[in-house]
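Participant: Have a look at this prediction, sequence included:
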Amino acid sequence: MKKEMSAIKQLRLNSILDMATSLLVEKPNASMAEIAEGIGIGIATLHRYVESREQLMVHLGFRAIDVVTETLSQIPIKEENCESYIPELIEALIPLGDKIYFLDHDTSLHYNKEIEEADKKLREPILHVIELLQQKGYFQQGVSKEWIINVLYSLLFLTWQQVQEGNLAKNSAAALVVDTFFNGFKVNKS
């Protein structure tokens, strides 16, 4: 019974973290009271799960990494056909745009070595595919892989945001991002 309770508590914490991530993307300086109110729980309930805003931010960072890592693990990298990886990645990550934004933009996370290392490890397969695509002539060789992945992260967040606001149809979002991403870095063959 104890394991079941901890699993239920973890599910509840994950739900709180997911709602808090979305709220903090919109209002990055929200206080604990504003976060609790914004996600529809009492401040005492929030404090049962996290002691402070700093601890909440660390939990949010690890939650984002876990969710994105789990998603990435389901997308196989086939080196001979690596050009299919990016469209699959984009399709899978658009719904996680808030988590990607949070990982990329929350400055408090950049002072946590564990989160930095986990985020660096998270990016490795994407950077590898970008390098393969550069070698195959899809992207310019002289463009930094870090720049390309950061542009991808920005596109994913922007797309998530546009879908959330109703400005972009969910079913056409991935194709738009793929087209923008590939054609924005296309090698000039003239």
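Facilitator: That came through, no problem. Numbering: from 1, shown residues only.
Participant: residue ranges with poor pLDDT in this structure?
Facilitator: Across the chain, the ranges flagged by pLDDT under 70 are 1-5, 106-110, 185-190.
Participant: mind running it again at 80?
Facilitator: Residues of the chain meeting the criterion pLDDT under 80: 1-5, 102-111, 184-190.
Participant: Can you tell me which residue is spatially central in it?
Facilitator: Centroid-nearest residue in the chain: Ile100, 2.1 Å away (criterion: Cα atoms, centre = their mean).
Participant: Just the C-alpha atoms of the helix or strand that contains Thr71, please, in CSV.
Facilitator: Assigned by DSSP states H and E, Thr71 belongs to helix 53-73. Extracted in CSV, the C-alpha atoms of helix 53-73 (Å, rounded to 0.1, in the frame of the first residue of the first chain):
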residue,chain,number,x,y,z
ARG,A,53,10.2,28.3,-4.9
GLU,A,54,13.8,27.3,-5.5
GLN,A,55,13.0,23.7,-4.8
LEU,A,56,9.9,24.0,-7.1
MET,A,57,12.1,25.3,-9.9
VAL,A,58,14.5,22.3,-9.5
HIS,A,59,11.6,19.9,-9.6
LEU,A,60,10.3,21.6,-12.7
GLY,A,61,13.6,21.3,-14.4
PHE,A,62,14.0,17.6,-13.7
ARG,A,63,10.3,17.0,-14.7
ALA,A,64,10.9,18.8,-18.1
ILE,A,65,14.0,16.7,-18.7
ASP,A,66,12.3,13.5,-17.8
VAL,A,67,9.3,14.1,-20.1
VAL,A,68,11.5,15.3,-23.0
THR,A,69,13.9,12.4,-22.5
GLU,A,70,11.1,9.8,-22.4
THR,A,71,9.8,11.3,-25.6
LEU,A,72,13.2,11.3,-27.3
SER,A,73,13.7,7.7,-26.3
